[in-house]
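Chemist: After the sequence you'll find the predicted model.
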Amino acid sequence: MLGVVGSVLGVIGGLLFLDNINPIADGLSYVTGHPVFPPDIYYFYKIPTCVEWQTIVWIVIGTIAVTVLASVFPAWRAASMQPVETLRS
């Protein structure tokens with residue numbers, strides 16, 4: 001459940017950040033007094049963004065799979081222990 005909640009919050013936060021990346025860069029440029037990505041070096045005035053939904057879906061599936069796999073071994077090990085022996089040590 002933690003992996004699902006983290007994935008959903010991560011996708012929402014990432015998409016919100018991506019949607020506001022140019023105002024964020026403008027704000028950082030204002031605060032620091034220097035452009036974040038100088039146009040004479042990077043050859044663009046606005047940060048280009050492209051969202052591919054298939055990639056987001058695969059990343060979420062991979063994230064959930066990793067969290068499930070990471071929780072299987074500790075749960076399997078805990079299930080194989082005797083509660084009384086565990087409480088003694």
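Modeler: Good, I have the coordinates. Residues are numbered from 1 along each chain as shown.
Chemist: quick check, distance from stretch 64-82 to the centre of its chain.
Modeler: Mean C-alpha position of stretch 64-82 versus that of the full chain (Cα atoms, centre = their mean, to the nearest Å) differs by 22 Å.
Chemist: Residue 23: which element?
Modeler: helix 21-32 (DSSP states H and E).
Chemist: Moving C-terminal from that helix, which element do we reach first?
Modeler: Next along the chain after helix 21-32, taking DSSP H and E as the criterion, comes helix 39-42.
Chemist: Low-confidence stretches in the protein?
Modeler: Counting by pLDDT under 70, the low-confidence segments of the chain come to 89.
Chemist: now the helices: where do they sit in it?
Modeler: 2-19, 21-32, 39-42, 53-79, 83-88 (DSSP state H).
Chemist: if we can go back for a sec, angle of the helix holding residue 23 against helix 2-19?
Modeler: Orientation check (axes from the mean of the first three to the mean of the last three Cα atoms, to 10 degrees): helix 21-32 against helix 2-19 gives 70 degrees.
Chemist: In contact with the spatially most central residue of the chain, which residues?
Modeler: Residue closest to the mean C-alpha point of the chain, counted by Cα atoms, centre = their mean, is residue 10 at 4.5 Å. With contacts defined as Cβ atoms under 8 Å, 6 or more residues apart in numbering, residue 10 is in contact with residue 63. To be clear about C-beta, it is placed using only N, CA and C from the backbone, and glycine gets the same treatment.
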